[in-house]
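[1] Return atomic coordinates for the entry below.
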Amino acid sequence: MILKTSRLILRPWKETDAEDLYELAKNPHIGPIAGWPVHTNVENSAYIIREILSAEHTFAVTIRNKDNAVGSIGLMVGGKSNLDIGADEAEIGYWIGEPYWGRGYIPEAVRELMRYAFDELNLLTVWCGYFDENERSKRVCEKCGFRFHHTEHDRFWPPINESKTQHIACLTREEWLGSFGKQQA
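    You can find the predicted model right below:
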């Protein structure tokens, strides 16, 4: 499955993306704020591609006319989510490399993945969590129409062996159709 926007192509991850992934994910400003450890080498990134990023509904974010991965976005449907959600719901996760911050790529990718979630997967709700200190992720949620639902304090996050405060937001299919869905039509 390949998804396209005006500036981006969301495509499956390939093991050949390992070097690009490592160059972005070795940055300590990326992973820990999103809940995963800094990548240690290209082999570590290749392992992450094979074991995590190759999951269904997970995409490398690439800029049109270039094939290198600049970030990642994905849906964890039902029981695959970190949240307690139903089979007709999904949690969205995303990140982008620091050289690409501030260009609006992730909000653009999120809107396309929500279109995919609601129009093609027929999901009812998309959930998004972000940690207290992750202001960029909070802004993406706001720009994309998610509404605050609740906060989980001191939730233990095994990948980074830390307890964090996570804010949970959601967007229903009806809300999306009433705002961004009309823009897509």
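
[2] Please count neighbours and contacts with C-alpha atoms only from this point.
    Noted.

[3] Can you pull up the most central residue in the chain?
    Tyr94 (1.9 Å; Cα atoms, centre = their mean).

[4] Which residue ranges of the chain form strands?
    3-4, 8-11, 58-63, 69-77, 89-96, 125-131, 147-157, 162-172 (DSSP state E).

[5] low-scoring stretches of this structure, by residue?
    Low-confidence segments of the chain (pLDDT under 70): 180-185.

[6] circling back: can I get the strands of the chain in CSV with distance to His29?
    Formatted as CSV, the strands of the chain follow (distance: least, Cα to Cα, whole Å):
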stretch, distance to His29
strand 3-4, 27
strand 8-11, 23
strand 58-63, 18
strand 69-77, 13
strand 89-96, 11
strand 125-131, 13
strand 147-157, 17
strand 162-172, 16
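
[7] Let me see the contact set for the closest residue to Thr40 other than its chain neighbours.
    Nearest non-adjacent residue to Thr40, counting by Cα to Cα, 6 or more residues apart in numbering: Lys26, 6.4 Å away. Applying Cα atoms under 8 Å, 6 or more residues apart in numbering to Lys26 gives the contacts Val38, His39, Thr40, Asn41.

[8] Only the buried subset of those residues, as a ChimeraX command please.
    Here is the ChimeraX command that selects the buried residues among these (16 or more other Cα atoms under 10 Å):
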select :38,39
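
[9] Make TSV from the contacts of Lys26 and add distance to Cys141 to it.
    Output for these, formatted as TSV (distance: Cα to Cα, whole Å):
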residue	distance to Cys141
Val38	23
His39	25
Thr40	29
Asn41	31
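
[10] which one of the contacts of Lys26 sits closest to Ile52?
    His39 (13.1 Å; Cα to Cα).

[11] ok, the closest one touching Tyr22?
    Yes - when contacts are counted by Cα atoms under 8 Å, His39 is listed as touching Tyr22 (6.2 Å).

[12] and for those two, which residues touch both?
    Contacts common to His39 and Tyr22, judged by Cα under 8 Å, 6+ apart, are Ser45.

[13] Skipping its backbone neighbours, what lies nearest Leu171 in space?
    Phe146 (4.9 Å).

[14] residues in contact with that neighbour?
    Phe146 touches Cys128, Ala169, Cys170, Leu171, counting by Cα under 8 Å, 6+ apart.

[15] Which of the residues you listed has the largest number of neighbours?
    Counting neighbours by other Cα atoms under 10 Å, Cys128 leads the contacts of Phe146 with 25 neighbours.

[16] in the sheet, who's paired with it?
    Assessed by DSSP bridges, Cys128 has beta-bridge partners Ile92, Ala169.
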